[in-house]
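Chemist: predicted model, plus sequence, below.
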Amino acid sequence: MPTPLVVSDVAKSFTMHLRDGIKLPVVAGVSFSIRAGECTVLGGPSGAGKSSILKMLYGNYAVDEGQIIVKHDDGLIDLATASPRTVLSIRRQTIGYVSQFLRTVPRVSALDVVAEPLVERGEDRENARGKARALLAQLNLPEKLWALPPATFSGGEQQRVNIARGFITEHPILLLDEPTASLDARNRDVVIELIAAKKAAGVALLGIFHDQDVREAVADRIIDVTAFAPGKIAA
Amino acid sequence: MTDEPLLRVSALSKFYGSRVGCDNVSFDLSPGEVLAVVGESGSGKTTVLNCLSTRLLPSSGTASYRMRDGQFRELYRMSEAERRFLMRTDWGFVHQNPADGLRMTVSAGANVGERLMAVGDRHYGKIRATAVDWLSRVEIDEDRIDDEPRAFSGGMRQRLQIARNLVTGPRLVFMDEPTGGLDVSVQARLLDLLRGLVTDLGLAAIVVTHDLAVARLLSQRMMVMKDGRVVESGLTDRVLDDPRAPYTQLLVSSILQV
């Protein structure tokens, strides 16, 4: 099975310069790969560094050590050292990301928030909106909300907009940071269906799910992040 | 997508006597890319902007710009007339204070039309039609076209300044605190407008701001300056979510949460 993303010996710490330069190690020796058509889940308690790993894979957090090799544009690129421009290109074409919270932009409608990633990739705006409508309907977001900016939506409504935005593209790799945290049972099931469809399409998924039911429904493999605790590497 | 940058800046420095304006600033800017330059007053960000837009000559360093024919030209070796032509056609400059970028005593339509005439448009009907189109794109009603900007609110003036700058289809726009001095609600509208125009037109832009929220909304890349030097640069969300330099951490931690 193809492995579009390989992480090897990645380490991350935060240096708090405003707190006398205290160094907070987060993870070390992170090594794993994800496979096409599978959903790999990062497991472990809060604070173990699951989100930090996901953010490094998206270029949102800097990487201190190690490599993150991504198959991009028919070549292999080390995301850990890639230039900002390359990271943007990887985000456009190769790696999609569903964050925990939606960052809203004033005055942009929910429909356009969802359609935007496709428009950025050069798809015709009306086509993109058509796909956005289909996804929002599938996620049971009331139609009367589609034309409104999501800033005033409830947490669950915002999350569904965020999920639709993340799932609308055909990125070969998709990162999911607790996409079901504030959803009710019916919509959790929709997300499980969406993940199954991505797997069937050969997408490599990597996610964090605190919800036991969802995790069991989608996970092909669970990686225990506590194995990457910074103290353990020396032992 | 071409990998060739639009602008190459190398070791740009500007000294005012023994005081440092900016020191050893280097970066590339690609077509369609928006770079935010952030830092507090006196950090040198406006000096960088003014040097790049050739409103100010640097003490040392180079900046070359890829002209429409694909050739790179060294900005500080061009003649004054060539630079002025670039400024009128291929570049835009949005000032913090719209009065610095507009002619306050001629009509809104003329403010927009003037830039078109500068690039050789002579047909009155066409110029007026383009002006009307641009006013509507920046959300100014057509019936205000004959009013002078003196009669406009601050937000409207700023939108008019943007229309005046973008009407010639520039490839690079310099912006100096484009939302500074505006009410928050007016700011949001202007930011949204700018964001849409930049994406639709594929503009490259260098935006100087001290407002990190503006930088996050408009830019893909960010450069943090302090005492004339670049202390950190990278992807905008990386710099804001995982700031590495002590000064960037201070800036990010000083944002008020609402």
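Modeler: That came through fine.

Chemist: where are the low-confidence patches of chain B?
Modeler: B:1-2, B:256-258 (pLDDT under 70).

Chemist: distance of B:Ser10 relative to A:Leu102?
Modeler: 40 Å (Cβ to Cβ, to the nearest Å). All C-beta spots, glycine's among them, are computed from the backbone N, C-alpha and C.

Chemist: actually, B:Asp90.
Modeler: Counting by Cβ to Cβ, the gap from B:Asp90 to A:Leu102 is 37 Å.

Chemist: ok, those two, which is more surrounded?
Modeler: Set side by side, B:Asp90 and A:Leu102 show more neighbours around A:Leu102, with 21 against 17, by other Cβ atoms under 10 Å in any protein chain shown.

Chemist: need the pLDDT of the more buried one.
Modeler: Note on A:Leu102: pLDDT of 84.

Chemist: let's verify it: helix, strand, or coil?
Modeler: Reduced to three states with DSSP: H, G, I helix; E, B strand; the rest coil, the structure at A:Leu102 is coil.

Chemist: residues contacting it?
Modeler: A:Val113, A:Pro150, A:Gln158, A:Gln159, A:Val161, A:Asn162, A:Arg165 (Cβ atoms under 8 Å, 6 or more residues apart in numbering or on different chains).

Chemist: quick one: the residue of the stretch 151-258 of chain B found nearest chain A from B:Ala215, how far?
Modeler: With Cβ to the nearest Cβ, the shortest gap between the stretch 151-258 of chain B and chain A falls at B:Pro246, namely 3.6 Å. B:Pro246 sits 19 Å away from B:Ala215, going by Cβ to Cβ.

Chemist: ok, now B:Ala99?
Modeler: Distance from B:Ala99 to B:Ala215, by Cβ to Cβ: 25 Å.

Chemist: which of these two has more neighbours?
Modeler: B:Ala215 (24 against 13).

Chemist: give me the domain ranges for the chain.
Modeler: Because you didn't say which chain, this covers chain A. Split into domains by automatic domain parsing, chain A comes to A:5-94+A:171-233, A:101-156.

Chemist: chain B, not that one
Modeler: The record's domain split for chain B, according to automatic domain parsing, is B:1-90+B:171-258, B:103-169.

Chemist: okay if I get the ones you listed as TSV plus distance to A:Gly21?
Modeler: As requested, these are exported to TSV (distance: least, Cβ to Cβ, whole Å):
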stretch	distance to A:Gly21
domain B:1-90+B:171-258	8
domain B:103-169	42
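
Chemist: which bits of the stretch 151-258 of chain B sit near chain A?
Modeler: By Cβ under 8 Å from any Cβ of the partner chain, the residues of the stretch 151-258 of chain B that approach chain A are B:188-189, B:191-192, B:195, B:199, B:217, B:220-221, B:234-235, B:237-238, B:241-242, B:244-246, B:249-250, B:253.

Chemist: buried ones in stretch B:33-53?
Modeler: Buried residues in stretch B:33-53, counted by 16 or more other Cβ atoms under 10 Å in any protein chain shown: B:33-39, B:43-53.

Chemist: ok, now stretch B:222-232?
Modeler: By 16+ other Cβ under 10 Å, the buried positions in stretch B:222-232 come out as B:Met222, B:Met223, B:Val224, B:Met225, B:Lys226, B:Gly228, B:Arg229, B:Val230, B:Val231, B:Glu232.

Chemist: start and end of that stretch, how far apart?
Modeler: End-to-end span of stretch B:222-232 (Cα to Cα, to the nearest Å): 8 Å.

Chemist: what's B:Ala36 in contact with, if anything?
Modeler: B:Val207, B:Val208, B:Thr209, B:Val214, B:Ala215, B:Leu218, B:Ser219, B:Arg221, B:Met222, B:Met223, B:Thr236.

Chemist: ok, 7 Å please
Modeler: B:Val207, B:Thr209, B:Ala215, B:Leu218, B:Ser219, B:Met222, B:Thr236 (Cβ atoms under 7 Å, 6 or more residues apart in numbering or on different chains).

Chemist: equivalent analysis for B:Arg8, please.
Modeler: B:Arg8 makes contacts with B:Asp28, B:Ala63, B:Ser64, as judged by Cβ under 7 Å, 6+ apart.

Chemist: in terms of helices and strands, where is it?
Modeler: Element membership for B:Arg8 (DSSP states H and E) is strand B:7-16.

Chemist: who are the packing partners of whichever helix or strand comes after that strand?
Modeler: With elements assigned by DSSP H and E, the helix or strand that comes after strand B:7-16 is strand B:19-29. Helices and strands touching strand B:19-29, by 3 or more Cβ pairs under 7 Å, 6 or more residues apart in numbering or on different chains; DSSP states H and E, are strand B:7-16, helix B:45-52, strand B:229-235.

Chemist: can you give me the helices for chain A?
Modeler: With DSSP state H as the criterion, chain A has helices at A:50-57, A:84-93, A:110-120, A:125-138, A:155-167, A:185-200, A:212-218.

Chemist: and B:Leu49, how close does it get to chain A?
Modeler: Distance from B:Leu49 to chain A, counting by Cβ to the nearest Cβ, to the nearest Å: 20 Å.

Chemist: excluding its backbone neighbours, what's nearest that residue?
Modeler: What sits nearest to B:Leu49 in space, not counting adjacent residues and going by Cβ to Cβ, 6 or more residues apart in numbering or on different chains, is B:Val208, at 4.9 Å.

Chemist: need the contact list for the one you found.
Modeler: The contact partners of B:Val208, taken as Cβ under 7 Å, 6+ apart, are B:Val37, B:Lys45, B:Thr46, B:Leu49, B:Met175, B:Asp176, B:Glu177.

Chemist: CSV for those, including distance to B:Leu160?
Modeler: Below are the contacts of B:Val208 laid out as CSV (distance: Cβ to Cβ, whole Å):
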residue, distance to B:Leu160
B:Val37, 24
B:Lys45, 25
B:Thr46, 22
B:Leu49, 21
B:Met175, 15
B:Asp176, 16
B:Glu177, 17
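
Chemist: now, which of those residues sits nearest B:Asp141?
Modeler: Here the nearest of the contacts of B:Val208 to B:Asp141, counting by Cβ to Cβ, is B:Met175; it sits at 24.3 Å.

Chemist: distance check, the closest one against B:Arg164.
Modeler: Here B:Met175 is placed at a distance of 13 Å from B:Arg164 (Cβ to Cβ).
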